[in-house]
Structure formats: structure tokens, C-alpha cells
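# here is my input, please return the structure:
(4 chains)
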There are 2 protein chains.
Amino acid sequence: MTLAERLQAAHYQLTAPRRALLQVLETSERHLTAAELLERGRAIYPALSRATVYRTLEILAALGALRLIYDASGAPRVACIAESHHHLICLGCGETFHFDDCPISNLEEQIGERFGFSVSSHLLELYGFCQACRP
Amino acid sequence: MTLAERLQAAHYQLTAPRRALLQVLETSERHLTAAELLERGRAIYPALSRATVYRTLEILAALGALRLIYDASGAPRVACIAESHHHLICLGCGETFHFDDCPISNLEEQIGERFGFSVSSHLLELYGFCQACRP
DNA sequence: GTACGTGCAAAGGTTTTGCATGGCG
DNA sequence: CGCCATGCAAAACCTTTGCACGTAC
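Below is the predicted model of the structure:
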């Protein structure tokens, strides 16, 4: 289910500014700040306003379609599409490494059952030190 | 290793304002916003200033002793002690459920090895819908 | 005594809101 | 045609910084 489909399913209009943002979100290779979203969105739809960026993020977050997280440096908020994510974050240099293969797909269901949750995605972040930064 | 010990190990002074904050952090039952930290810290050390809250958080984050994350509602930043955390977050009502027993302690090492990381802690968040909110 | 830490207040930046206009369905 | 969505600009908010004073070691 794409973000656009999610918006429509929830009876939100699919306008040009929103399309631009969705496209940016779905094609971004990493988590973006609000400012980056605005910049990239304007490459597609130049009149895009800052307010629309925030308003759209708010809608998507409320729908559970994405989630805001911090990056390792504690920097401003970043948008994170609500697929499952797996990161290794170096506490030394702040570098983030993604890995794709999910080590806990089986646990998702198992834990969900225990708490009566229907789990749809997850975020797994491992903190430590990379080879270069190891004390 | 307590937060106080960590600070001292890194040759930071253990002053009254910092002690107050550490006590708040170590006894808080959940993640707090900066404003809550200030408020609770002032209950212990009334002259505590906002600036000291942020400066202390920055130090602790740099030491890898805690980490800033968002709560489920995408609200302002919260301080999260850098022990491993396991949450179930309901996308409907925003409620967060913690569970203590770690389902991936064995994976930590395994994944670390693969990437040459020495992993010290992790954050695992599962998103879904609780029984009451299930669509 | 010196370097580090603090509080205050001001500056800086980001997010949110109000309102008039424009566009979708 | 009515309602939702938008852009702009101002307001509100949160975080950071500069500086003079205190305090720890």
C-alpha cells in the first residue's frame, strides 16, 4: 500500500503538493529533516510551503504511515517511513548503518500475541562503536 | 555503571545541578521531555536552569549514556536512558507498553560481529494496534 | 588560583497557527 | 458549490549561546 493509497483510503485529497511530498518520501534513500523535505519537494512542486510539509507529516504520522525519529546526533526531527528499519548507530562518529534483512520478523508476531497487539512494523536500533571508533 | 560514574569517568564534575538531573533520569519511570526534566529537577535543586538541562543532556548523549528519541505522538524530544528498551506502541491511541525481557540479546552480538561493531545497547519498537484500537 | 560549570537573558531556529485565496471532488 | 487544502506571514515554542559570576578541585 503506497502512501498515496493510504491518504485516499482515509479520505484525504491527493493534491499536487502532497504528491510531491509523497514522492520525496518514497524515493528518499535515508531519513530526511523537515528542511530537506521542503527543499526536495520544491524541486518537484516549487510553490510548496513549509506549512504544508508539517501538515502532511502530521497527517501521515497520525495514520501510522510514517514516524518521526531522531538521528544519532540528536539532530532535528527526521521522517521515517513506517516500514521496519534496522540501524547500527555508532556512538563515536554518529554514523548510521542500515541493514535490510530482518532479524526479528518471527518475533514480531510472537510478541504481538503476548500483548494482544497486531504489529505492523518495527524499528530496531543497535548502539555501539564501529571499528574505527572502538575505544 | 551509574550515570554519575560515567560522568566522573569522563572527567566531568559532579555538581549539585547535575546530581539532581541524574537522579531524575535514573528514577523516572518513563521517557521525559526537556520541560519535565526541568520541572522534576527543580523539585530537587530549585535554582536549576533550562540551559543546564540541555547542556547535561548533550554531555550524556555524547558519552553514549543516553539517547534522545520521539514518543509515539511525535511529541517533543524525550530523554531515554541508554539501557536497552523494548516498546510496543499503539498507532491508534498512542499508548506505549514496555516489556523487559529482551528478545534479541543473542542477536546483538551476532549482528555486531557482522558489521564490526561492538554493540552496547539497543532500542526495539514495535508499531501496531492494541486490542482496543484494532480496526 | 584556575578551569569548569551555572544561571540569566537574549538570540537563533524550527514548528505551529490564522487567515484569505484557490482547487478538488 | 461546499469543503478541504494551500501559501504566506506572524506567532509561539523550544533549543542554543554569550557572558559574568560561583564553585569544585
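# hey, let's count contacts and neighbours off CA atoms from now on
Will do.
# which helix or strand contains residue A:67?
Using DSSP states H and E, residue A:67 sits in strand A:66-69.
# just residue A:29 next, same as before
Residue A:29 belongs to no helix or strand, assigned by DSSP H and E.
# and it, how far from chain B?
Noted for residue A:29: a distance of 20 Å to chain B, by CA to the nearest CA, to the nearest Å.
# can you list contacts of whichever helix or strand comes after the strand holding residue A:67?
Next along the chain after strand A:66-69, taking DSSP H and E as the criterion, comes strand A:78-81. For strand A:78-81, the external contacting residues (CA atoms under 8 Å, 6 or more residues apart in numbering or on different chains) are A:25-26, A:31-34, A:57, A:65-71.
# in JSON lines: these, plus neighbour count, pLDDT and distance to residue A:84.
Below are the contacts of strand A:78-81 laid out as JSON lines (neighbours: other CA atoms under 10 Å in any protein chain shown; pLDDT from 0 to 100; distance: CA to CA, whole Å):
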{"residue": "A:25", "neighbour count": "21", "pLDDT": "93", "distance to residue A:84": "15"}
{"residue": "A:26", "neighbour count": "12", "pLDDT": "90", "distance to residue A:84": "14"}
{"residue": "A:31", "neighbour count": "18", "pLDDT": "84", "distance to residue A:84": "13"}
{"residue": "A:32", "neighbour count": "20", "pLDDT": "89", "distance to residue A:84": "16"}
{"residue": "A:33", "neighbour count": "19", "pLDDT": "91", "distance to residue A:84": "19"}
{"residue": "A:34", "neighbour count": "16", "pLDDT": "92", "distance to residue A:84": "21"}
{"residue": "A:57", "neighbour count": "23", "pLDDT": "93", "distance to residue A:84": "18"}
{"residue": "A:65", "neighbour count": "19", "pLDDT": "85", "distance to residue A:84": "11"}
{"residue": "A:66", "neighbour count": "19", "pLDDT": "85", "distance to residue A:84": "10"}
{"residue": "A:67", "neighbour count": "26", "pLDDT": "82", "distance to residue A:84": "11"}
{"residue": "A:68", "neighbour count": "25", "pLDDT": "82", "distance to residue A:84": "13"}
{"residue": "A:69", "neighbour count": "23", "pLDDT": "80", "distance to residue A:84": "13"}
{"residue": "A:70", "neighbour count": "19", "pLDDT": "75", "distance to residue A:84": "16"}
{"residue": "A:71", "neighbour count": "21", "pLDDT": "73", "distance to residue A:84": "16"}
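# and these near DNA strand C, which?
Counting by CA under 7 Å from any atom of the strand, A:33, A:34 from the contacts of strand A:78-81 sit close to DNA strand C.
# go back to the contacts of strand A:78-81 and keep what's next to chain B.
When contact is defined as CA under 8 Å from any CA of the partner chain, these meet chain B at A:67, A:68, A:69, A:70.
# got the residue ranges for the strands in chain A?
With DSSP state E, the ranges of strands along chain A come out as A:32-33, A:66-69, A:78-81, A:85-90, A:96-98, A:118-129.
# tell me the most buried of the ones you listed?
Among the strands of chain A, strand A:66-69 has the highest mean neighbour count (mean count of other CA atoms under 10 Å in any protein chain shown), at a mean of 23.
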